[in-house]
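J.: Attaching a predicted model along with its sequence, questions to come.
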Amino acid sequence: MRQLRSPRALRGRRRRVRPRGRGRERGGRALGGGRHALMRGETDPAPRRVFADLEPRFARDRHVHRRAIIDGAWKLTVAPDRRVSLFNLDADPAERDDLQRSEQSRADFLRMLLRVRDVAAQQASAEAPPTTISFTPEMRALLRALGYLK
């Protein structure tokens, strides 16, 4: 019977990990990766806006916001009960200090951006052609067996 040996890392020897592929650094400069520029202290010239629409993880999920926008260092979240929270991610990355009342104008601006995006999404949805799905006989039989078709 052959005895199993533990990996070297577990026996106390350390392996040196070298970066591979894209973003490998040479001479203090990173090649081909934006995040390495941020690590060197460079900033992105145009901060991006990120929108999020989140589905609940399970029924009665109250612990996650449903909608959010991140604009530069600012994040606005809208809870299912329409409660709004505003965070400065640079000063408060853990999102513990709600600045919605002290930064009301910024919160209003970000809410307006959410509304504009919602209107644009509704228009795009209304203008999109309807989609139809054609099922093969095998797919229909499988869907019937699963109870999705009668």
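T.: Structure received. Numbers count the residues shown, from 1 in each chain.

J.: going forward, measure contacts and count neighbours with C-alpha atoms only.
T.: OK.

J.: In the protein, what helix or strand scores lowest on average pLDDT?
T.: Lowest on mean pLDDT, DSSP states H and E among the helices and strands of the chain sits strand 29-30, with a mean of 39.

J.: Am I right that Asp118 falls within a helix?
T.: Yes - according to DSSP: H, G, I helix; E, B strand; the rest coil, Asp118 belongs to a helix.

J.: give me the number of residues near it?
T.: Number of residues near Asp118 (other Cα atoms under 10 Å) recorded here: 12.

J.: now swap in Pro80 and tell me
T.: Using other Cα under 10 Å, Pro80 has 15 neighbouring residues.

J.: so what's it scoring on pLDDT?
T.: pLDDT, Pro80: 79.

J.: List the single closest residue to it in space, sequence neighbours excluded.
T.: Residue nearest to Pro80 in three dimensions, not counting chain neighbours: Arg66, with 5.9 Å by Cα to Cα, 6 or more residues apart in numbering.

J.: Mind pulling up the pLDDT for that neighbour?
T.: As predicted, Arg66 sits at a pLDDT of 80.

J.: list the contacts for it?
T.: Ala52, Asp53, Leu54, Glu55, Pro56, Thr77, Val78, Ala79, Pro80 (Cα atoms under 8 Å, 6 or more residues apart in numbering).

J.: Of those, which is the nearest to Asp118?
T.: Here the nearest of the contacts of Arg66 to Asp118, counting by Cα to Cα, is Asp53; it sits at 10.5 Å.
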